[in-house]
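Peer 1: My questions are about this predicted structure, shown below with the sequence.
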Amino acid sequence: MAGLNCRVTVALLGVLLLGAARLSRGGGECGAAETYEIALPHGSNITVLIKPGVPTLPANVCRIVSKKWVTPLSIKAGETAVFSFSCRDPENHFVIEIQKNIDCMSGPCPFGKVHLQPSTSVLPTLNRTFIWDVKANKNIGLELQFSLPRLRQIRPGESCPDGVTHSISSRIGTTMVRIGTFCSNGTVSRIKMQEGVKMALDLPWFLNRNVSGFSITNRSSIKRLCIIESVFEGEGSATLMSANYPDGFPEDELMTWQFIIPAHLRASVSFLHFSVSNCVKKEERVEYCIPGSTTNREVFKLQDRQPGNIAGNFNLSLQGCDQDVQNPGILRLQFQVLVQHPQDESNKTYVVDLSNERAMSLTIEQRPSKLSRKFVPGCFVCLDSRTCSTNLTLTAGSKHNISFLCDDLTRLWINAEKTISCLDHRYCHRKSYSLQVPWYIFQLPVQLHDFSWKLLVPKDSISLALVPTQKLQQHTHERVCNTSFSYLVASAVPGQDLSFGSFCSGGSIEQIQVKQNVSVTLRTFAPSFQQEASRQSLAVSFIPHFKEEGVFTVTLDTKSKVYLRTPNWDRGLPSLTSVSWNISVPQDQVACLTFLKERTGLVCQTGRAFMIIQEQWAHTEEIFSLEEEVLPKPSFRYHSFWVNISNCSPMSRKQLDLLFWVSLTPRTMDLTVIILAVVGGGALLLFALGLIVCFVKKNRKKKINKGPAVGIYNGNVNTQMPMHPKIFQKRQTDNDSHVYAVIDDTMVYGHLLQDSKGSFLQPEVGTYRPFQGPTGDCPPSPPPICSRAPTAKLTEDEPSSGFLSESESESYTFSHPKDRNISNGNTDLPLLETYETMEPGE
């Protein structure tokens, strides 16, 4: 865009200058066309060619008027031409080329400043191209020196803001090699070549320039294709390219760039674009000659990270190779040299010790930023203070020394990833690991952006439980996380796009259970996260496998609402996925469950989508079809409950996404309930008093010194044995054979209950204690997803008919003995006599 604005400005300036030139000539619509005369001296080796420009217009629009009426018009050395144009705007139709051939092989070379011949004052106002073609011996080096402002290299096809372009080529035998295209206002001060040079200077028709701006000097053999010198006087950058870029670099050639850097500045090299060829002999490489280096030359591959934080002048060379004839490939390189002031951090070295880590990587890279037209100093990370780049990845198993070459370290951030794997479920079952950021990351002067833990478990063997130190809140539009960091929980199963959500501290979620592989990412939003992270940590444990994709354990807070939403909120719950929420309600509170929408608008392609709400105390279930039914209205829950959502395979247009919230209110007692409770308590008290009175009256009938009632087994009782007459003439239901005598254990076995002092030991009495442990650990099982059974609301289970009725089973009771003849036949032992007979107990 900047180049387009510059071109528009240049064009407008040209139009104004053209109008001024025409007015100064006194020309008008009725004036005669201007006549030009060009005379070239003998032996000047100059040729002038006036030809149609591009795009070519019809010849009858504008023609060259001369004696020969020839288009194009060519003028050679020793010739004079007088001509004019048939139109008033020849600059829009024609261009002029002035080429001078210089032969340094047959005679001395005219070294020194190069002049524009013929002078631009005698040339027509056309776009001009001055060409100098210098031929020299292979052993002779030629150097082009450019005065201020120096040159800046551009890609072929790009244009310069002022319209002045320098195109430089060299020779290899009879082949021309394009060294590059350059504009003004750059860092390139000299270009050395061997075996000849061809220089083309393009000037726009409106620019009144009489100097070439460069000179040619003689140098000894450079033994390479070319040497480009780039001079920096302060902070800045330069983008340079290999010869023939973007085409291939010549085979087995050597090209060098020399950089002049002030002593108080530092330089860094970055490769922007490159490609390599298929080598048969040698190897493509880049070589650095850096002051203070331990070796004479430092050799790098194009794929390697290039040096940075370089103090002083240095050279960079590109070496080609012998290419494969059948498949040569292309060697090309575009790189950038950035020069800036050293920062305080560049003198500091930080140690990142990953020697004890396994399956971990740490990357320091630049934050995304907007492009700017102004010069922006680079931001580099240096490994061992020499190899610098805009991003650096450190791997586990080694100790790394890093430094920074950056004016503003807030332009960088850190992304790290660590993998925790469970390969054998017998080893890691019930084990727990703490997900905390390592301390050495906090020692670096760069802010952490993401730290991801990838948790991997064997399929269908083990699941994962995430337990935070402080309860978590799920990020929703209704309740946004305003903390300095949050946890992003997503599935790490290949091919599964499932995000459980973003969570931060200060909520009601006590635990998140996931079915299988999961990725937990700690993402920071402010530098103060370090203080908050010290109070919050996340532990992962390996638990028995379950079938739901996720289970959220929620303990409600009396202070605020708890907003919960289904995973993959932005894209919808994946097909055939089931998730559950285990919501605990305090005993003195009542929970109100509310859904955001009345209907889901879901249309299932296959299967059914259900929602189940189950009371954990009464085990009652309410099942709703998410495809057909209206979602339940706000309802009160007096006990802990489950919410289970199971998705079908929906149509592509509408996906399943549900948002609901739960709020608490204190539990209040209704006046009617209080009255009924008082009346019921009074009736119960009266009933208890009545029982006590009856019990006291019966006890008065007993004698204090009564004998013990002992039950004795009578072996003479015959119960339908073979070959014996029936002793019992009645059935079991008609006689008392199923009634046993009461045995007073204290009287019979009392001597066993006495201690050494003769007193009786009191037996231990157990009291009933209610179960205090957790209930409802398992979520409700949804109906089959592919079932097409009608939706119904379930009630409490009815009594099962699988048990025998009381009439069909034998009932056994105990009674005290009566004073009657029990024996109906021969008995070996009679019952012991009692001092007093008792009535049968009720």
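Peer 2: That came through, no problem.
Peer 1: avg pLDDT for stretch 405-412?
Peer 2: Averaging pLDDT along stretch 405-412 gives 84.
Peer 1: now what about that stretch, what contacts it?
Peer 2: Counting by CB atoms under 8 Å, 6 or more residues apart in numbering, stretch 405-412 makes contact with 266, 268, 308-309, 340-343, 345-346, 364-367, 369, 377-382, 388, 404, 445-447, all of which sit outside it. Using the backbone N, CA and C atoms, a C-beta is placed for each residue, glycine as well.
Peer 1: Please repeat the previous calculation with a cut-off of 6 Å.
Peer 2: 308-309, 343, 346, 364, 366-367, 377, 379-380, 382, 388, 445-446 (CB atoms under 6 Å, 6 or more residues apart in numbering).
Peer 1: Can you give me the buried ones in it?
Peer 2: Buried positions in stretch 405-412, judged by neighbour count with 16 or more other CB atoms under 10 Å: 405, 406, 407, 411, 412.
Peer 1: what's the span of it from first residue to last?
Peer 2: Stretch 405-412 stretches 11 Å from its first residue to its last (CA to CA, to the nearest Å).
Peer 1: now swap in stretch 309-328 and tell me
Peer 2: 35 Å.
Peer 1: Same question for stretch 426-436.
Peer 2: Start-to-end, stretch 426-436 (CA to CA) is 25 Å.
Peer 1: Could you shift the numbering so residue one becomes 17, and keep it that way?
Peer 2: Noted, 17 is the first residue going forward, which turns the last one into stretch 442-452.
Peer 1: Need the mean per-residue confidence for that stretch.
Peer 2: 84.
Peer 1: which residues of the stretch 367-516 of the chain score low on pLDDT?
Peer 2: Within the stretch 367-516 of the chain, the stretches with pLDDT under 70 are 387-392, 401-402.
Peer 1: Would you map the helices across it?
Peer 2: With DSSP state H, counting those that start in this stretch, the ranges of helices along the stretch 367-516 of the chain come out as 441-444, 455-458.
Peer 1: So which bits of the first one are buried?
Peer 2: By neighbour count, with 16+ other CB under 10 Å as the criterion, the buried positions of helix 441-444 are residue 444.
Peer 1: quick one, phi/psi of residue 565?
Peer 2: Reported as degrees, to the nearest 10, the phi and psi values for residue 565 are phi -70, psi -30.
Peer 1: Need the per-residue pLDDT for it.
Peer 2: pLDDT, residue 565: 94.
Peer 1: my read: it touches residue 591, true?
Peer 2: No. Using CB atoms under 6 Å, residue 565 makes no contact with residue 591, being 11.4 Å away.
Peer 1: Save the buried residues of stretch 421-428 as JSON lines, and put in distance to residue 372 too.
Peer 2: Shown next, in JSON lines, are those (distance: CB to CB, whole Å):
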{"residue": "421", "distance to residue 372": "29"}
{"residue": "422", "distance to residue 372": "28"}
{"residue": "423", "distance to residue 372": "34"}
{"residue": "427", "distance to residue 372": "30"}
{"residue": "428", "distance to residue 372": "25"}
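Peer 1: Which of those sits closest to residue 242?
Peer 2: Lowest distance from residue 242 to these (CB to CB) belongs to residue 421, with 29.5 Å.
Peer 1: which stretches of the protein form helices?
Peer 2: For the chain, the helices defined by DSSP state H cover 18-41, 441-444, 455-458, 545-551, 687-716, 761-764.
Peer 1: Which of these has the lowest mean pLDDT?
Peer 2: Among these, helix 18-41 scores lowest, with a mean of 41.
Peer 1: dump the residue contacts of the closest residue to residue 561 other than its chain neighbours.
Peer 2: Nearest non-adjacent residue to residue 561, counting by CB to CB, 6 or more residues apart in numbering: residue 479, 5.0 Å away. The contact partners of residue 479, taken as CB under 6 Å, 6+ apart, are 531, 559, 561, 562.
Peer 1: pLDDT weak spots in the stretch 117-266 of the chain?
Peer 2: Ranges of the stretch 117-266 of the chain meeting pLDDT under 70: none found.
Peer 1: need the strands for it, in chain order.
Peer 2: For the stretch 117-266 of the chain, the strands defined by DSSP state E, counting those that start in this stretch occupy 128-131, 143-151, 157-162, 166-170, 181-188, 191-202, 204-210, 213-219, 227-235, 242-247, 252-257.
Peer 1: Nearest to residue 276, out of these?
Peer 2: From the strands of the stretch 117-266 of the chain, taking CB to CB, the stretch that ends up closest is strand 242-247, at 4.4 Å.
Peer 1: who does the closest one touch, helix- and strand-wise?
Peer 2: strand 204-210, strand 270-276 (3 or more CB pairs under 6 Å, 6 or more residues apart in numbering; DSSP states H and E).
Peer 1: related to what we said a few turns ago, could you point out which of the buried residues of stretch 421-428 is nearest to residue 653?
Peer 2: Looking at these and their distance to residue 653, the nearest is residue 428, at 50.1 Å (CB to CB).
Peer 1: wouldn't residue 518 be in contact with residue 499 here?
Peer 2: No. Look at residue 518 against residue 499 with CB under 6 Å: they stay out of range, at 10.6 Å.
Peer 1: still on that earlier bit, next step: the buried residues of stretch 421-428 restricted to strands.
Peer 2: 421, 422, 428 (DSSP state E).
Peer 1: if I look at the first one, how far off is residue 385?
Peer 2: So the one you mean is residue 421. 17 Å (CB to CB, to the nearest Å).
Peer 1: For the helices of the stretch 367-516 of the chain, give me a markdown table that also has distance to residue 484.
Peer 2: Output for the helices of the stretch 367-516 of the chain, formatted as a markdown table (distance: least, CB to CB, whole Å):
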| stretch | distance to residue 484 |
| --- | --- |
| helix 441-444 | 20 |
| helix 455-458 | 20 |
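Peer 1: Please identify which of those is closest to residue 194.
Peer 2: Among these, helix 455-458 comes nearest to residue 194, with 48.5 Å by CB to CB.
Peer 1: hmm, who's touching the closest one?
Peer 2: For helix 455-458, the surrounding residues in contact (CB under 6 Å, 6+ apart) are 368, 464, 546.
Peer 1: so, if you compare those, which one comes nearest to residue 50?
Peer 2: For these, the nearest to residue 50 is residue 464 (72.0 Å; CB to CB).
Peer 1: my guess is the closest one meets residue 540, correct?
Peer 2: Yes. Counting by CB under 6 Å, residue 464 does reach residue 540; the two are 5.4 Å apart.
Peer 1: re earlier: which one of the contacts of helix 455-458 has the most neighbours?
Peer 2: residue 464 (22 neighbours; other CB atoms under 10 Å).
Peer 1: And that one, how close does it get to residue 553?
Peer 2: 15 Å.
Peer 1: From residue 282, how far off is residue 633?
Peer 2: In this view, residue 633 and residue 282 are 71 Å apart by CB to CB.
Peer 1: Comparing those two, which residue is more hemmed in?
Peer 2: The neighbour comparison of residue 633 against residue 282 (other CB under 10 Å) goes to residue 282, with 24 against 13.
Peer 1: Is there a quick PyMOL command that grabs whichever of the contacts of stretch 421-428 are buried?
Peer 2: Restricted to buried positions by 16+ other CB under 10 Å, the PyMOL selection for the contacts of stretch 421-428 reads:
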select buried, resi 324+325+359+362+380+393+395+396+398+404+462
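Peer 1: hmm, which two among the contacts of stretch 421-428 are most spread apart?
Peer 2: Across those (CB to CB), the longest gap, 20.6 Å, separates 325 and 383.
Peer 1: correct me, but residue 539 touches residue 466?
Peer 2: Yes. Between residue 539 and residue 466 there is a contact at 5.4 Å, judged by CB under 6 Å.
Peer 1: what residues are up against residue 242?
Peer 2: Per CB under 6 Å, 6+ apart, neighbours of residue 242: 186, 195, 209, 271.
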